[in-house]
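> sequence first, predicted coordinates after that:
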2 protein chains.
Amino acid sequence: MSEQPATSPDPQSQLDDIHAVNPDFVRDVRTLLDREAADGVRRLVLPLHAADIADLVDLLPRDERTTLLDCLGDDLDPEVLTEVEESVLVDLLPELAPSALARAVTELDTDDGVYLVDHLDEDRREEILRAVPAPDRTAVQEALDFPEDSAGRLMQRDFIAVPAYWTVGQVIDYCRDTADLPDEFYGIFVIDPRYRPIGHVPLNRILRTRRPVVVRQIMEEEAQLIPLEMDQEEVAFLFQQYDLASAPVVDEYGRLAGAITFDDVADVIEEEAEEDLLRLGGVAGESDLYATVMRTTRTRFTWLLVNLGTAIAASLVIALFDATIDRLVALAILMPIVASMGGNAGTQTLTVAVRALATHELTATNAMRIVVKEVLVGGLNGILFAVLMGLIAALWFGDPMLGGVIAAAMVINLLVAGLFGTLIPLGCQRLGVDPAIAASVFLTPVTDVIGFFAFLGLAALVLI
Amino acid sequence: MSEQPATSPDPQSQLDDIHAVNPDFVRDVRTLLDREAADGVRRLVLPLHAADIADLVDLLPRDERTTLLDCLGDDLDPEVLTEVEESVLVDLLPELAPSALARAVTELDTDDGVYLVDHLDEDRREEILRAVPAPDRTAVQEALDFPEDSAGRLMQRDFIAVPAYWTVGQVIDYCRDTADLPDEFYGIFVIDPRYRPIGHVPLNRILRTRRPVVVRQIMEEEAQLIPLEMDQEEVAFLFQQYDLASAPVVDEYGRLAGAITFDDVADVIEEEAEEDLLRLGGVAGESDLYATVMRTTRTRFTWLLVNLGTAIAASLVIALFDATIDRLVALAILMPIVASMGGNAGTQTLTVAVRALATHELTATNAMRIVVKEVLVGGLNGILFAVLMGLIAALWFGDPMLGGVIAAAMVINLLVAGLFGTLIPLGCQRLGVDPAIAASVFLTPVTDVIGFFAFLGLAALVLI
């Protein structure tokens, strides 16, 4: 037993608090991997849930990830591959045997299989798909034809559809007698003779209804049909707005092509909220923590380059007033305060507007009202901070006029922040540009330029 | 028919594209409200889904919201009240008759009823709860005893629990014969004689199994028990990590107390992601678009006040070097660029770190590795931008030494941004302070102060 550390193999006790594989556990696994004690590794890792094994894989250094997968061999649950971080998957795929990948694609749900295949390069994709049995292969190939992030990609091709004249008894018998049902389903679809969805029945309603009752009597009419090409963000919106558990996806003729369930959508909801967050933080497109230093540097470089451009633009405004600063160095000391307050007030407004656009709370109907509100909020806070900062500046430099100038610049810049903090994202949205990315590129230069210009310009007029 | 506008009453056609009540529709409703044409309003509005009616209520000006609810009267689906924005609800509650509220609390699911009652002031709460029938009242009162955002608040008290020795047939008969089942359920819980959950069976498994089979044979062992006091953020993590459809909530003795289902959790997932976004944007605690100008101004004021403090701190650093700036005004022109690049690079790192902490991807196990990675990324981008900005500054002011100084300051500040962009959120997390709020308060002053200090300090040493 020398090769097994003191950690209990009970999955629960291996979790730090409620979640995630904890540092001790990772250390134990690494010790065993280092000693090439495959049996010990398997005893520790295999009882874990696929999502936890995936976390473990993420946490291991690069070379040990492959060693771990080799240890687990064919007992590796293919789900693990769909749960690891994207950059980790891209790293691992070339190391996996074609047979293992073909098995994974076959065993996984269509959407997960597609996710794996989508991350293979063209040549390997062909090779591996050839090794997948025909029905699964066709399903994957068809799904790949739909654009990424579309309903066609997201949907399951396995679902249960029955005609409206069936009885509850027939449905139950059908479910009992059919071997090839989907792994999990939460309701059944009701279709017309042309295979168009006309309603659905949640499973609990089938369970509480007596056998002779006809499906038509207990079905809910289908309100939300999802076209194959609908963007997943729209799909997520419909699920949230109408609290859907599942919804039918239809082709161009209105025929039932697949089903999307809440669990597919939960990931989308988080992804989309995360996307906004990362875009506002200037890290759009950064896949995850485990991307290489080179790749991360490259993704961030672009954003910083744009920022360099806008910072230089603001500096050009300062350069216009170099003679003024030369005569009164207090201006150089105070000017970042005006710009910073404008930038922060603008970011506040922008954040609220971007989020409200994403959740469809900010629309053409209330846009005008919200712009007016934000300008009022900017103006009010502008006045408050004008008084405060005016007093501070007047006392600091013993110059009441300087206090007046910074106060006026503060009001102007916070009004501008409120106005452009809403107008810019609304404009981006109208132009079809993502507000979360574009808006902060445009907003900071506006508040910087206006901040410096108002403060230094007023100073040049009044003080010098 | 003069009172009915040309809009079709078909709910689908009233949606702009797929979602939200569109500007034309809102205009039509407002025209009818203005003409006091209650019948027309009802014809237009009542066919809509509760979530869409809620959107309409949000979009109306304040006084018209009450008029609309008066028009709808007792036909108003109480769900609408749970779907309107929080600040709109707070506005509406005093306008609603106690009988209407008592009816709403009675008809709604416990968690939704609690949400309404929670927004009433103490006196009215008593009055309205007295008008709610006993079982619903007790359920609401018990739920109110749990802390906000806890599993006890989130859970449903209606669920189906059966002993393991029951057959599938018994379960089906029980569901058919019991009138008072939950509105929706996705699985049944299996309990031991002491009412502790030992497993669960998804409904689809009951449906595909023959009547004589015993529940124990088809149940999945319960892996995730949720304590009543668990925070909803942890609950959401478990649901996402293990793709749960529902999970049992247990009291201190391990007895089944309630059930949480995916639809309760979907809202939490979005809420939590939104919270991080708003906190990073400096608008923590801002409830929604419809908060009054005064309230919004107050929420934002606090954050801006903190920012004013840190901006003044950075100005104090500049003031240290006023003599240096006085001799070389180019420093005043260039210094915001160094600070701005540091601030942006820091925000990038911070955003990634805050998100990774929230999703439990960044933990004690990999913290060190991620800090090193971020410092490397900061260093690499620091070098790239040092070269670029060094050349620009040297050419702009015809002073190669000035270029050298800004280059050195750039490398220093981007290294610092990478280091503190990870260390600060990790430190916040360890101290139990929310990284999304605290981190940006601390980060910007660090990159500002270091940026100004490095640039002006080096300039003072080398150039003057």
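Yes, it's here.
> residue contacts, A:L304?
Neighbouring residues of A:L304 by CB atoms under 8 Å, 6 or more residues apart in numbering or on different chains: A:282, B:341, B:344-345, B:348, B:381, B:385. All C-beta atoms are positioned from the backbone trio N, CA, C, and that covers glycine.
> go ahead and flag the most central residue of chain A.
By CA atoms, centre = their mean, chain A has its centre lying nearest to A:E271, at 2.0 Å.
> list the buried residues in stretch A:383-402.
For stretch A:383-402, the neighbour count (16 or more other CB atoms under 10 Å in any protein chain shown) marks A:383-386, A:389-390, A:392-394, A:396-397, A:402 as buried.
> oh sorry, the question was meant for stretch A:27-46
The neighbour-count criterion (16+ other CB under 10 Å) identifies A:28-30, A:32-33, A:37-38, A:40-42, A:44-45 as the buried residues of stretch A:27-46.
> which of these fall within helices?
In helices, judged by DSSP state H, the following of those are found: A:28-30, A:32-33, A:38, A:40-42, A:44-45.
> report the next helix or strand after the helix or strand encompassing A:L402 in sequence order.
In this assignment (DSSP states H and E), A:L402 forms part of helix A:400-430. Where DSSP H and E defines the elements, the next helix or strand beyond helix A:400-430 is helix A:435-462.
> near chain B at all, that next one?
Yes. Contact of helix A:435-462 with chain B (CB under 8 Å from any CB of the partner chain) involves A:444, A:448.
> test my guess that A:D251 contacts A:A257.
Yes. Here A:D251 lies in contact with A:A257, judged by CB atoms under 8 Å, at a distance of 4.6 Å.
> quick check: neighbours shared by the two?
A:L228.
> neighbour count: those two, which is higher?
Neighbours per residue (other CB atoms under 10 Å in any protein chain shown) separate A:D251 from A:A257, with A:A257 holding more: 22 against 15.
> re earlier: what's the helix holding A:L402 packed up against?
With contacts defined as 3 or more CB pairs under 8 Å, 6 or more residues apart in numbering or on different chains; DSSP states H and E, the packing partners of helix A:400-430 are helix A:330-358, helix A:367-397, helix A:435-462.
> turn these into a markdown table, including mean pLDDT.
As requested, these are exported to a markdown table (pLDDT from 0 to 100):
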| stretch | mean pLDDT |
| --- | --- |
| helix A:330-358 | 93 |
| helix A:367-397 | 95 |
| helix A:435-462 | 90 |
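> count of neighbours near the closest residue to chain B within the stretch 201-350 of chain A?
Among residues of the stretch 201-350 of chain A, the one nearest chain B by CB to the nearest CB turns out to be A:G281. It sits 2.7 Å away. Look at A:G281: counted by other CB under 10 Å, it has 26 neighbours.
> chain neighbours aside, what residue packs nearest to it?
B:T351 (2.7 Å; CB to CB, 6 or more residues apart in numbering or on different chains).
> cool, and A:V90?
That would be A:H119: by CB to CB, 6+ apart, it lies 5.9 Å from A:V90.
> that neighbour reaches A:D91, doesn't it?
No. In this structure, A:H119 sits apart from A:D91 without contact. The criterion is CB under 8 Å, and the distance is 10.4 Å.
> on that earlier part again, the ones in helices among the buried residues of stretch A:27-46 into TSV, with extra columns for pLDDT and distance to A:L76?
As requested, these are arranged in TSV below (pLDDT from 0 to 100; distance: CB to CB, whole Å):
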residue	pLDDT	distance to A:L76
A:D28	90	19
A:V29	91	14
A:R30	92	18
A:L32	93	16
A:L33	92	15
A:A38	90	13
A:G40	91	16
A:V41	92	12
A:R42	93	10
A:L44	90	14
A:V45	92	9
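> mind listing the helices for the stretch 151-300 of chain A?
A:151-154, A:168-177, A:203-207, A:215-218, A:232-241, A:262-280, A:293-320 (DSSP state H, counting those that start in this stretch).
> quick check: residues of the stretch 101-250 of chain A near chain B?
Neighbours of chain B within the stretch 101-250 of chain A, by CB under 8 Å from any CB: A:171-172, A:175-176, A:178, A:181, A:184-186, A:202-204, A:206-210, A:223, A:230, A:234, A:237-243, A:245.
> buried subset of those, written for PyMOL?
Only the buried members of these enter the following PyMOL selection, criterion being 16+ other CB under 10 Å:
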select buried, chain A and resi 171+172+175+181+184+185+186+202+203+204+206+207+208+209+230+234+237+238+239+240+241+243+245
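> what sits against the nearest residue in space to A:A319 that is not next to it in sequence?
Using CB to CB, 6+ apart and skipping the chain neighbours, the partner closest in space to A:A319 is B:I333 (4.9 Å). Residues near B:I333 by CB under 8 Å, 6+ apart: A:315, A:318-319, A:322.
> how much space separates B:I333 from A:V338?
Shown here: B:I333 relative to A:V338, a distance of 16 Å by CB to CB, to the nearest Å.
> do A:H49 as well
Summarising the geometry, the distance separating A:H49 from A:V338, computed by CB to CB, is 53 Å.
> which one's more surrounded, those two?
Set A:H49 next to A:V338 and count neighbours by other CB under 10 Å: A:V338 wins out with 28 against 18.
> the more buried one touches A:I406, doesn't it?
Yes. A:V338 is in contact with A:I406 according to CB under 8 Å; the separation is 6.5 Å.
> which residues of the stretch 151-300 of chain A score low on pLDDT?
For the stretch 151-300 of chain A, the stretches flagged by pLDDT under 70 are A:287.
> number of residues surrounding the residue in the stretch 351-464 of chain A that chain B sits nearest to?
For the stretch 351-464 of chain A, the residue closest to chain B is A:T351, as judged by CB to the nearest CB, at 2.7 Å. If you count neighbours by other CB under 10 Å, A:T351 ends up with 26.
> one more: A:D192?
In terms of burial, A:D192 registers 14 neighbours under the definition other CB under 10 Å.
> how about the contacts made by A:V354?
When contacts are counted by CB under 8 Å, 6+ apart, A:V354 is found next to A:276, A:280, A:425, A:435-436, A:439.
> report the buried members of those.
When burial is judged by neighbour count using 16+ other CB under 10 Å, the buried members of these are A:276, A:280, A:425, A:435-436, A:439.
> kind regards, and thank you for your time.
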